[in-house]
Structure formats: C-alpha cells, structure tokens
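**Q** when you get a sec, could you give me coordinates for this:
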Amino acid sequence: MKSLLGLSALIDTINEWIGKIIMWLILATVVISAGNAILRKAFDLGSNASLEIQWYLFAAVFMLGSGYVFLRNAHVRIDFISSRLSKRTNAIIDLLGILVFTIPLSIILIQMSWPVFARALASGEMSQNAGGLIRWPVLMLIPVGFAILATQAFSEGIKRVAFLTGHRAEPFSVEHDKSEEEILAEELAAKIEAEQRAAARAPATGAR
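**A** Sure thing, here's the model as predicted:
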C-alpha cells in the first residue's frame, strides 16, 4: 500500500501542475475572447482562426481539467445526501463509482476517440471554415483528457482503499468546500431537528 500511495502522490502532483497550467489557459481564453470582441465591434475585424482558438482553449480547459477537479474534490455531488453520510460510507460510494463507472467509461471513450484523432492527424484535417485551424490538436484533447481523468480516478481509488483499510487518515486529498446551498440546507436541517426536539420535550414538561 505504501508504494501505491507513493504512485497516487505522483499522479496528484502531475495534476496539480496541469491545474496551474489550466489557470493560464483560462486567462488566455478571456484575453483572446475580449480581443476578438473589441476588434469586431470597434474595427469590424476578425478571423475564423481567432474565433476557433477560443473554443480550442475552452476544450483544453474542460478536458485537461477533469483530473484536477477530481483531485480537488470539487466534482458534482449530491451534497445534501453526502453531507449526511459518514466519511467511510462516502469513501465506499466513491470507490464503487470509480471502479464501476469512471475508469471503465474513460477507457471506452479513449478507445472511441483515438481513431478519430489518428485519422485527423494522418490526413492533416483542417477546419471547414475559411482560414480555420488544423483539427487534430483539439481532437487529441479527448483521449488525453479521459486518460488524465482515468489516471486521477486510479489515484483517488488508491486513497479510498487506503482510508478504508486504515492506511490513511482521510479519504480525500482536499475536503470539498461547502457551497452556500449546502450551508443553508444544513442550517435548515438543524433548525428542524431543534424544533422536533423541543416539541418532543414539551408534552413531557406539561405533564410535570
């Protein structure tokens, strides 16, 4: 288990660096998008290449960032339910999801998308829009992105197993920050519970 946790830490480090790169890609996307809008509105200038690079960068952020999101424990959950479960129960649910859904689905999508990328690379496929960009770089993001997700899922699976077997104190690398909706839901649940306890004590107090 120690060697597996070491491998997990290495995968986590790689995805931390990918996450930092993605932050710069987001900035580049915003700058290019703003520049395109200014040139188009103010000077009636623009090009298909400059427009396509925007969604190339957006695709890169979305596909390459999935592993980082998983690492930071910021992926979509049914928080109202998971917040009521113990860490052990959540770890078991996560592990089942990783083994049954995340890794198998990632492998299937890698197998399906790789031939599409390979054909575009071999043929030098270009955008159908005049002055557009070559297609293979953006198509490459699909298998690469799912490979990153599968690798991080493997790392998360190691951490869940380590937690369940007593080799790790926490199942997650980073605890998920509670949203305003989660906090409100917990406050409402606490309020209802307090009212129920007060109502249960009231008859007993009246009887005395």
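
**Q** which helix runs longest in the chain?
**A** What stands out as the longest helix in the chain, according to DSSP state H, is helix 2-43.

**Q** could you point out the helix or strand that follows it?
**A** Reading on from helix 2-43 to the C-terminus, the next helix or strand found by DSSP states H and E is helix 48-64.

**Q** buried ones in that next one?
**A** Residues of helix 48-64 classed as buried: 50-54, 56-57, 59-61, 63-64 (neighbour count, 16 or more other Cβ atoms under 10 Å). Every C-beta, even on glycine, is put in place using the N, C-alpha and C of the backbone.

**Q** residue 148: which of these is nearest?
**A** Using Cβ to Cβ, residue 64 comes nearest to residue 148 of the buried residues of helix 48-64, at 6.2 Å.

**Q** the closest one is in contact with residue 15, isn't it?
**A** No. With the criterion set as Cβ atoms under 8 Å, residue 64 and residue 15 do not qualify as a contacting pair; they are 9.3 Å apart.

**Q** quick one: residue 15 and residue 122, what's the gap?
**A** Between residue 15 and residue 122 the computed distance is 30 Å (Cβ to Cβ, to the nearest Å).

**Q** which one of those two has more residues nearby?
**A** Set side by side, residue 15 and residue 122 show unequal neighbour counts under other Cβ atoms under 10 Å, the larger going to residue 15 at 26 against 9.

**Q** what's the burial count for residue 70?
**A** A count of neighbours around residue 70, defined by other Cβ under 10 Å, yields 22.

**Q** what sits against it?
**A** Residues in contact with residue 70, defined by Cβ atoms under 8 Å, 6 or more residues apart in numbering, are 15, 149, 152-153, 156.

**Q** picking that back up, what sits in contact with each of residue 64 and residue 15?
**A** The overlap between the contact sets of residue 64 and residue 15 (Cβ under 8 Å, 6+ apart) consists of residue 148.

**Q** any stretches of the protein with poor pLDDT?
**A** Applying pLDDT under 70 to the predicted model, the residue ranges of the chain that meet it are 75-83, 174-187, 189, 202-208.

**Q** and the spatially most central residue of it, what are its phi and psi?
**A** With distances taken as Cα atoms, centre = their mean, the chain has residue 69 as the residue nearest its mean C-alpha position (3.3 Å). Backbone geometry at residue 69, expressed as degrees, to the nearest 10, gives phi -60, psi -40.

**Q** same deal with the one 4 residues further on?
**A** Backbone geometry at residue 73, expressed as degrees, to the nearest 10, gives phi 60, psi 40.

**Q** equivalent analysis for residue 134, please.
**A** Per-residue torsions, residue 134: phi -70, psi 150 (degrees, to the nearest 10).
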